[in-house]
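K.L.:
only the shape, not the letters, is given here:
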Ligand SMILES: Nc1ncnc2c1ncn2[C@@H]1O[C@H](COP(=O)(O)OP(=O)(O)OP(=O)(O)O)[C@@H](O)[C@H]1O
């Protein structure tokens with residue numbers, strides 16, 4: 001059973017069909033998107049093995065890592081789209097899926113009109129020449145025993161394109177990536193090259209096939225600062241020379257700003273914001289985009305508080321949060337975003353880890369009724385494991401020796417001490433029923449990408465169906 005409802009698009013949450021400069025709708029080959037991704041899911045099954053059992057028993061998920069969880073976008077020819085997000089957001093998986101390196105679980109990837117999902121390997125093989133990837137670590141991408149000339153010529157041979165002029169093509173490719181004169185490099189091995197030179201060889205090896213789409217997965221993040229801009233410039237030069245289209249995968253917004261026409265911000269398998277680079281940087285809309293931008297020192301104009309980066313950790317993709325996946329970290333989360341038991345548990349545990357406080361012991365407390373200065377360990381009163389259950393109505397059993405009223409006391413105190421915690425905006429009621437405390441949450445609604453007149457954003461703050469007044473008071 002999925003732990004999260006399938007994507008429920010909000011109004012205007014139709015597919016992303018090309019950037020603002022897109023000529024979608026004009027019936028020419030130039031105007032047609034090179035890549036069109038629709039409702040793509042890539043889940044890694046963890047059905048077997050001890051890790052899967054642990055994952056299922058602890059978290060109650062279906063055991064699948066939802067690495068890409070309903071993604072739609074398109075890419076025009078010659079466009080550079082940046083895919084930005086923290087580690088674990090699903091960027092690499094999405095990039096690999098476009099090239100058929102990991103199988104899609106469902107959805108569609110149309111490349112120049114051909115559906116790639118479900119295409120048999122023998123029909124995918126000829127297309128691979130047109131789809132290339134550059135990885136983060138040039139050292140790991142090259143065989144240390146293979147000289148540069150052989151490495152760069154290798155893909156031509158594999159695709160049966162290595163004719164009599166193979167050597168000339170290799171030299172041309174090397175010179176195209178700035179390794180000139182090419183003859184000087186042909187017999188070198190990776191160990192003879194700097195990091196930047198190695199990445200140039202890797203790029204030459206991809207470019208020699210005259211590809212149309214290049215997925216560049218963190219292509220400069222392992223290089224010295226001094227060469228990063230040069231490699232990015234090289235990729236831009238190749239775009240012009242070869243009419244290349246790029247999907248540029250990075251966690252680094254500063255390079256994305258330099259390199260990309262459009263930016264897609266990815267969070268836990270979803271695109272949460274997509275728009276023209278200038279627009280996203282000048283007016284970030286999604287709270288996650290805003291937090292990412294604040295965390296980039298180079299983009300200091302938006303940085304209000306040194307300590308304010310993206311709070312908390314990216315959640316487990318095997319069991320994404322209810323509603324908006326970003327809600328547990330979002331200071332603006334409100335009723336529809338999806339408060340749930342896990343958020344309550346995190347809040348109680350954080351309180352317990354905080355400074356001591358005056359607590360009132362209930363009649364059933366083993367220490368006897370009274371008042372004391374101590375840390376209030378919620379586990380003494382509440383069966384914390386009950387808080388891990390999903391659903392709008394959360395029954396919570398009192399711990400041994402306690403009553404439902406004690407549980408409600410703990411919860412009420414937590415709320416009174418921090419009424420502005422976004423979690424409480426999603427709590428409709430706390431009540432007693434059949435000897436248990438029950439927390440009723442507001443229904444969690446999964447946000448779809450909404451048109452905001454600039455970027456498209458998956459955030460309920462931009463959905464006119466919802467009353468944001470509770471949020472405005474605190475933001
Ligand atoms: N082969 C795999 N089997 C199971 N889970 C995987 C596999 N590859 C990636 N994952 C999981 O899928 C999710 C997305 O990972 P992915 O590498 O695509 O993210 P990313 O944003 O590219 O992160 P990074 O920047 O660290 O590479 C993560 O939870 C990751 O642990």
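P.N.:
Received it, and whenever you're ready, just let me know what you need. Just so we're clear, the structure is a prediction, and the values are computed from it rather than from any experiment.
K.L.:
show the pLDDT at the closest residue to the ligand within the stretch 301-450 of the chain.
P.N.:
Closest to the ligand within the stretch 301-450 of the chain is residue 317: 3.8 Å, counting by CB to the nearest ligand atom. Any C-beta I mention is one placed from the backbone N, CA and C, and that applies to glycine too. pLDDT recorded at residue 317 is 93.
K.L.:
for this protein, give me the ranges with low pLDDT.
P.N.:
In the predicted model, the chain carries pLDDT under 70 at residues 1-31, 47-62, 297-309, 354-376, 469-475.
K.L.:
leaving out chain neighbours, which residue sits closest to the most centrally placed residue in it?
P.N.:
What sits nearest the mean C-alpha location of the chain, by CA atoms, centre = their mean, is residue 89, with 2.6 Å. Distance criterion CB to CB, 6 or more residues apart in numbering; nearest residue to residue 89, sequence neighbours excluded, is residue 266 at 4.5 Å.
K.L.:
Validate this expectation: that neighbour resides in a strand.
P.N.:
Yes. Assessed by DSSP: H, G, I helix; E, B strand; the rest coil, residue 266 belongs to a strand.
K.L.:
what helix or strand does the residue nearest to the centre of the chain sit in?
P.N.:
Using DSSP states H and E, residue 89 falls within no helix or strand.
K.L.:
also residue 238?
P.N.:
Taking DSSP H and E as the definition, residue 238 sits inside helix 225-242.
K.L.:
tell me the buried residues in that helix?
P.N.:
When neighbours are counted by 16 or more other CB atoms under 10 Å, the buried residues of helix 225-242 are found to be 227-228, 231-232, 234-235, 238-239.
K.L.:
got it, and stretch 240-250?
P.N.:
244-250.
K.L.:
what's it in contact with?
P.N.:
Under the contact criterion CB atoms under 8 Å, 6 or more residues apart in numbering, stretch 240-250 has outside partners 34-35, 75-84, 91-92, 94-95, 98, 176, 207, 210-219, 221, 235, 238-239, 256, 259-260.
K.L.:
ok and the residue in the stretch 351-475 of the chain nearest the ligand?
P.N.:
Among all residues of the stretch 351-475 of the chain, residue 458 sits closest to the ligand, at 16.8 Å; criterion: CB to the nearest ligand atom.
K.L.:
which residues are in contact with that residue?
P.N.:
With contacts defined as CB under 8 Å, 6+ apart, residue 458 is in contact with 13, 270-273, 286, 324, 447-450.
K.L.:
hmm, back to that, contacting residues for the residue nearest to the centre of the chain?
P.N.:
Residues counted as contacts of residue 89 (CB under 8 Å, 6+ apart) are 266-269, 314.
K.L.:
got those as JSON lines, with neighbour count and distance to residue 65 columns?
P.N.:
Converted to JSON lines, those look like this (neighbours: other CB atoms under 10 Å; distance: CB to CB, whole Å):
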{"residue": "266", "neighbour count": "24", "distance to residue 65": "15"}
{"residue": "267", "neighbour count": "28", "distance to residue 65": "15"}
{"residue": "268", "neighbour count": "24", "distance to residue 65": "11"}
{"residue": "269", "neighbour count": "27", "distance to residue 65": "9"}
{"residue": "314", "neighbour count": "17", "distance to residue 65": "12"}
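K.L.:
quick one: the helix holding residue 238 to chain centroid distance?
P.N.:
25 Å (CA atoms, centre = their mean, to the nearest Å).
K.L.:
same thing with stretch 32-40?
P.N.:
Taking mean C-alpha positions (CA atoms, centre = their mean), stretch 32-40 and its chain are 18 Å apart.
K.L.:
same check, this time on stretch 80-98
P.N.:
Average the C-alpha atoms of stretch 80-98, do the same for its chain, and the two points are 7 Å apart (CA atoms, centre = their mean).
K.L.:
repeat for stretch 402-417
P.N.:
The chain centroid and the centroid of stretch 402-417 are separated by 36 Å, computed with CA atoms, centre = their mean.
K.L.:
list the buried residues of it.
P.N.:
Across stretch 402-417, burial judged by 16+ other CB under 10 Å covers 402-404, 406-411, 413-415.
K.L.:
cool, stretch 248-261 as well?
P.N.:
For stretch 248-261, a neighbour-count test (16+ other CB under 10 Å) marks 248-253, 255-257, 259-261 as buried.
K.L.:
identify, from those residues, the entry nearest to residue 294.
P.N.:
Distances from residue 294 to the buried residues of stretch 248-261, taken as CB to CB, are shortest for residue 253 (10.3 Å).
K.L.:
can you tell me the closest non-neighbouring residue to residue 210?
P.N.:
Residue 210's closest residue in space is residue 242 (CB to CB, 6+ apart), at 6.3 Å.
K.L.:
and the one you found, how far from the ligand?
P.N.:
25 Å (CB to the nearest ligand atom, to the nearest Å).
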